[in-house]
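Asks: Quick check, what structure comes out for this input:
(chains A and B)
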Number of protein chains: 2
Amino acid sequence: MSDRPLIFVTNDDGVNAEGIHRLAESVMDMGEVVMVAPDGPRSGGSASLTVGQPLRVTAHGRWKDVTKYSINGTPVDCVKLGLSMVVKRRPAVVLSGINHGANAGNSVVYSGTMGAAFEGTLQGIPSIGFSLIPFHPTDAEFESCRKYIRELVANAIENGTPDDMCLNVNFPGGGNIKGIKKARCCRGRWVEEYKEYKDPFDQSFYMLTGSYKNMEPESTDTDLYWLDRGYASISPVCAYRDMYDPCADEFLSKCNTLFKNE
Amino acid sequence: MSDRPLIFVTNDDGVNAEGIHRLAESVMDMGEVVMVAPDGPRSGGSASLTVGQPLRVTAHGRWKDVTKYSINGTPVDCVKLGLSMVVKRRPAVVLSGINHGANAGNSVVYSGTMGAAFEGTLQGIPSIGFSLIPFHPTDAEFESCRKYIRELVANAIENGTPDDMCLNVNFPGGGNIKGIKKARCCRGRWVEEYKEYKDPFDQSFYMLTGSYKNMEPESTDTDLYWLDRGYASISPVCAYRDMYDPCADEFLSKCNTLFKNE
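Replies: Got it, this is the predicted structure:
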């Protein structure tokens, strides 16, 4: 039993979400699957972690061949505390999702699904985030993701992933995936982001809303371009975010005074 | 008045922190400064945002030449809602900090200070996060950051920053900064991350702790290398995290079945 690869599964929709069960089920025969997920929804949680507050682990027994736990924290907390205190050996892979909703474009920044994948990466474990565009009233659309998930996970277990990088995989809704394309995150911006309300005391409050404006609809190498056309997208992303960009060098070279005496 | 550049200041330590006041004070004569910060500490908040919960803006009047507001949300909420509903025109720059504690190494992933800077970047506004290594019992150490902050902000206002990138600036503690060095985020890992406790009912809970293990102490181009030697560090980081890495291509090329029919 213990020579089977350990597959660590988490998400940001919480331990009761359908997506995480379908993800776990997809890879259940490929290793020992342990689920450690937030005790409720943590959408928009990014890579946030809990500082100075007590975290608790709740065991939920078995579901099919999967051992389930929940934690009263963020997706990152689930990976960190799960690796420290729940699993007894090092996972071969950390999987996050299947998120209920896309994490394409700039959602990679806010996504709790990807936050968990970044944490797996920082722990030195190959990590993949999976997301499915809504809406999916039936099981059929999760089912269409299955063969892609299995091949990506098998490859990550066998070959690892590049240092500091994880994979952001998005599936189109509708249940008929035409294929999968390598893509970068589509540049875009949320507009009209807040709706204003008045409370019973006539004081204003605001709730997040808005729509996503694709700032490069003509680019053929972005995740949104391919998702719009019925393909899944796969984007390698760097947990650390740093990169040597010639434009950045040019900017820094303009701060003459600061650097001139080095 | 309205032709002065608008300087938007936020942080993750909250509207009452000393660091944000010292940051605002440093640039007060360079434009109109508006502070929109969380109503309390949000350390470890990363780029998380508040979904489905009401956000409120509280006006705090003036401090010196600065107009102050707080929001009951995350650093990203402060930037998003601040830009949407608080300020009346587009800021020339978004500044975050001065964080009480370094955001070097992999802290760039978890940092709420940097979360706010990423949000400014995604809004298309030049953005810089500033952090100061603790401990700083006196004002002297903030004071030593001042000239660096002023030159970087002046340059960002005049020349902008590269698309999708912001700057992560870390200052050493101690008040005697030898200079500033371009650096990448030092690769490292937190170890022994949790302390276990027993509650009054003999149930376990856990609190985040741990120490940072520098995985490349010999590398001379990292932020931690220079901070350890008394220099400030400046790291350009990409909000989107995506990059075309030859290793990533190699990984994807191994998923033969998935891509063969394209």
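Asks: C-alpha from now on. contacts and neighbour counts both.
Replies: OK.
Asks: Now do the same contact list for A:Lys80.
Replies: A:Glu119, B:Glu193 (Cα atoms under 8 Å, 6 or more residues apart in numbering or on different chains).
Asks: helix, strand or coil for it?
Replies: Under the three-state scheme (DSSP: H, G, I helix; E, B strand; the rest coil), A:Lys80 adopts helix.
Asks: Check the one 10 residues further on too.
Replies: With three-state DSSP as the basis, A:Arg90 sits in coil.
Asks: Surely it is in contact with A:Val79?
Replies: No - the pair formed by A:Arg90 and A:Val79 falls short of the contact definition of Cα atoms under 8 Å, at 11.7 Å.
Asks: who has more neighbours, these two?
Replies: Counted by other Cα atoms under 10 Å in any protein chain shown, A:Arg90 and A:Val79 do not tie: A:Val79 has more neighbours, with 28 against 14.
Asks: From A:Asp163, how far off is that one?
Replies: From A:Val79 over to A:Asp163 the distance is 18 Å, taken as Cα to Cα, to the nearest Å.
Asks: cool, and A:Ala116?
Replies: From A:Ala116 across to A:Asp163, the span is 16 Å (Cα to Cα).
Asks: Looking at these two, which is more packed in?
Replies: Neighbours of A:Ala116 and A:Asp163, each counted by other Cα under 10 Å, are more numerous for A:Ala116; the result is 34 against 15.
Asks: Now the element after the helix or strand hosting the more buried one, going C-ward?
Replies: With the criterion set as DSSP states H and E, the secondary-structure element containing A:Ala116 is helix A:112-122. From helix A:112-122 onward toward the C-terminus, using DSSP H and E, the following helix or strand is strand A:127-132.
Asks: For that next one, list every residue counted as buried.
Replies: Applying a neighbour-count criterion of 16 or more other Cα atoms under 10 Å in any protein chain shown, the buried positions in strand A:127-132 are A:Ser127, A:Ile128, A:Gly129, A:Phe130, A:Ser131, A:Leu132.
Asks: hmm, who's touching that strand?
Replies: When contacts are defined by Cα under 8 Å, 6+ apart, strand A:127-132 is touched by residues A:93-103, A:113-114, A:116-118, A:120-121, A:142, A:156, A:161, A:166-173.
Asks: Likewise for stretch A:15-25?
Replies: Residues from elsewhere that reach stretch A:15-25 (Cα under 8 Å, 6+ apart): A:9-11, A:33, A:35-40, A:66, A:69-70, A:96-100, A:142-143, A:146, A:149.
Asks: which of the residues you listed count as buried?
Replies: Among the contacts of stretch A:15-25, the ones that count as buried (16+ other Cα under 10 Å) are A:9-11, A:33, A:35-40, A:66, A:69-70, A:96-100, A:142, A:149.
Asks: any idea which helix or strand carries A:Pro41?
Replies: A:Pro41 belongs to no helix or strand when elements are defined using DSSP H and E.
Asks: For the residue lying closest to it once chain neighbours are set aside, give me its contacts.
Replies: Using Cα to Cα, 6 or more residues apart in numbering or on different chains and skipping the chain neighbours, the partner closest in space to A:Pro41 is A:Asp13 (4.3 Å). When contacts are counted by Cα under 8 Å, 6+ apart, A:Asp13 is found next to A:Pro38, A:Gly40, A:Pro41, A:Arg42, A:Ser43, A:Gly97, A:Asn99, A:His100.
Asks: which among these gets closest to A:Phe251?
Replies: Within the contacts of A:Asp13, the smallest distance to A:Phe251 is 34.9 Å, found for A:Ser43 (Cα to Cα).
Asks: got a list of what that closest one touches?
Replies: When contacts are counted by Cα under 8 Å, 6+ apart, A:Ser43 touches A:Asp12, A:Asp13, A:Ser111, A:Gly112, A:Thr113, B:Val51.
Asks: quick one: which of the residues you listed has the most company?
Replies: By neighbour count, taken as other Cα under 10 Å, the most surrounded of those turns out to be A:Thr113 (35 neighbours).
Asks: confidence score at it?
Replies: Here, the pLDDT recorded for A:Thr113 equals 98.
Asks: Ok, the one 3 residues further on next?
Replies: pLDDT, the model's per-residue confidence, is 98 for A:Ala116.
Asks: Touching, it and A:Val9? I think so.
Replies: No - A:Ala116 is not in contact with A:Val9 according to Cα under 8 Å; the separation is 9.6 Å.
Asks: which residues are in contact with both of the two?
Replies: A:Ser96.
Asks: for chain A, which helix is longest?
Replies: The helix spanning the most residues in chain A, taking DSSP state H as the definition, is helix A:140-159.
Asks: That one and chain B in contact?
Replies: Yes - applying Cα under 8 Å from any Cα of the partner chain, one finds helix A:140-159 in contact with chain B at A:Tyr148, A:Glu151, A:Leu152, A:Asn155, A:Asn159.
Asks: Considering these, which is situated nearest to A:Ser84?
Replies: The shortest gap between A:Ser84 and any of the residues of helix A:140-159 next to chain B belongs to A:Asn159, at 24.3 Å (Cα to Cα).
Asks: Next, give phi and psi for the residue nearest to that closest one when sequence neighbours are not counted.
Replies: With sequence-adjacent residues excluded and distances taken as Cα to Cα, 6+ apart, A:Asn159 is closest to B:Phe251, at 7.7 Å. The main-chain torsion angles of B:Phe251 are listed as degrees, to the nearest 10 and equal phi -60, psi -50.
Asks: How about A:Asp221, nearest residue that isn't a chain neighbour?
Replies: A:Ala183 (5.2 Å).
Asks: circling back: list the ones among the contacts of stretch A:15-25 that fall in strands.
Replies: A:9-10, A:33, A:35-38, A:66, A:69-70, A:96-100 (DSSP state E).
Asks: Tell me the one among those residues nearest to chain B.
Replies: Here the nearest of the ones in strands among the contacts of stretch A:15-25 to chain B, counting by Cα to the nearest Cα, is A:Ser70; it sits at 12.9 Å.
Asks: Is it correct that the closest one is in contact with A:His60?
Replies: Yes - at 7.4 Å, A:Ser70 and A:His60 qualify as touching, with contact defined as Cα under 8 Å.
Asks: contacting residues around the residue nearest to A:Asn159?
Replies: B:Phe251 makes contacts with A:Asn159, A:Thr161, A:Pro162, as judged by Cα under 8 Å, 6+ apart.
Asks: List the residues that contact the closest residue to A:Cys186 other than its chain neighbours.
Replies: If the residues on either side of it in the chain are set aside, A:Cys186 comes closest to A:Gly105, at 4.3 Å by Cα to Cα, 6+ apart. For A:Gly105, the residues meeting the contact criterion (Cα under 8 Å, 6+ apart) are A:Cys185, A:Cys186, A:Arg187, A:Gly188, A:Asp223, A:Leu224.
Asks: Take those and lay them out in a markdown table including secondary structure.
Replies: Written out in a markdown table, the entries for the contacts of A:Gly105 read as follows (three-state DSSP):
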| residue | secondary structure |
| --- | --- |
| A:Cys185 | coil |
| A:Cys186 | coil |
| A:Arg187 | coil |
| A:Gly188 | strand |
| A:Asp223 | helix |
| A:Leu224 | helix |
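Asks: now, the most widely separated pair of those?
Replies: A:Gly188 and A:Asp223 (11.5 Å).
Asks: Can you check what pLDDT the model gives the residue nearest to A:Asn159?
Replies: Spelled out, the predicted local distance difference test score at B:Phe251 is 74.
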